[in-house]
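>>> pasting a predicted model and its sequence here:
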Amino acid sequence: MTERRLVPAVLLVSALLLLWGTWSGTPVNSDDVMYMQMAREMVETGEWLELRWEGQPIFQRPPLPVWPLAIHGALFGWDVFWMRLPSVLMGILGLAFMAGIGRRLVASPRGEALALLLVPATHLFYYHARRTMTDTMLLAAVLAMVHFYLKARERPRWLVAAAAAAGWVVMTKSVLVALPLLLVFGDLALGPD
């Protein structure tokens, strides 16, 4: 296999592994059911900006992670596969951003493939990427922010995309935007390469 095909092959195998078996089983625990119920209530009430659980507003969570569940539920039904698919797609997107990070940091197809393999090599990545929770969307958003920040080091116009990804992190799990910001500020404090 040529080095140019290595990264797409690793990404494809990872995507297939993420998708495999998502159509069977039941929700893993009450958190999965809670997100599915909030999505169902979002569709039933037409209230897309304020999350609700059994009719009561839930203010401690942003609505963005529930929107894909609600859209999939409204379009395709509330089957477990359609509820898991948004998280699987976020996992695949996160892997693509990780490959981009590897490309920027290592500058070789082997390094990019190795960076790409770091994420799916963890058990928790597969566990959470096949659930209806916010964790995989958060990971994709953080990796997007780091990826775009690294691109902005070469071309400053990418700071807009990094800022948009920071907004994505905030709309997924608010306070956790501090983690990728610490990485960015740490890199800035260390100065140019």
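Yep, that arrived. Numbering: from 1, shown residues only.

>>> okay, now the unreliable bits of the chain?
Scanning the chain for pLDDT under 70 picks out 1-3, 192-193.

>>> would you mind finding the longest helix in it?
helix 80-106 (DSSP state H).

>>> just checking, next helix/strand downstream of that helix?
helix 109-118 (DSSP states H and E).

>>> just want the angle from that next one to helix 80-106.
Orientation of helix 109-118 against helix 80-106 (axes from the mean of the first three to the mean of the last three C-alpha atoms, to 10 degrees) gives an angle of 140 degrees.

>>> any idea what sits nearest residue 135, other than its immediate chain neighbours?
Nearest non-adjacent residue to residue 135, counting by C-beta to C-beta, 6 or more residues apart in numbering: residue 128, 4.1 Å away. Where you see a C-beta, it was placed from the backbone N, CA and C, and this is true even at glycine.

>>> what about that neighbour, distance to residue 154?
Separation of residue 128 from residue 154 (C-beta to C-beta, to the nearest Å) stands at 32 Å.

>>> looking at those two, which is more packed in?
Neighbour count, other C-beta atoms under 10 Å: between residue 128 and residue 154, residue 128 has more, with 20 against 9.

>>> surely residue 73 and residue 41 touch.
No - taking C-beta atoms under 8 Å as the definition, residue 73 is not a contact partner of residue 41, at 10.4 Å.

>>> could you pull out the strands in the protein for me?
With strands called from DSSP state E, the chain shows them at 51-53, 56-58.

>>> need those strands in a markdown table (columns: distance to residue 118).
As requested, these are exported to a markdown table (distance: least, C-beta to C-beta, whole Å):
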| stretch | distance to residue 118 |
| --- | --- |
| strand 51-53 | 33 |
| strand 56-58 | 34 |
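
>>> for residue 158, give me its contacts.
Neighbouring residues of residue 158 by C-beta atoms under 8 Å, 6 or more residues apart in numbering: 148-149, 151-152.

>>> can you tell me how far it is from residue 18?
Distance of residue 158 to residue 18, given as C-beta to C-beta: 27 Å.
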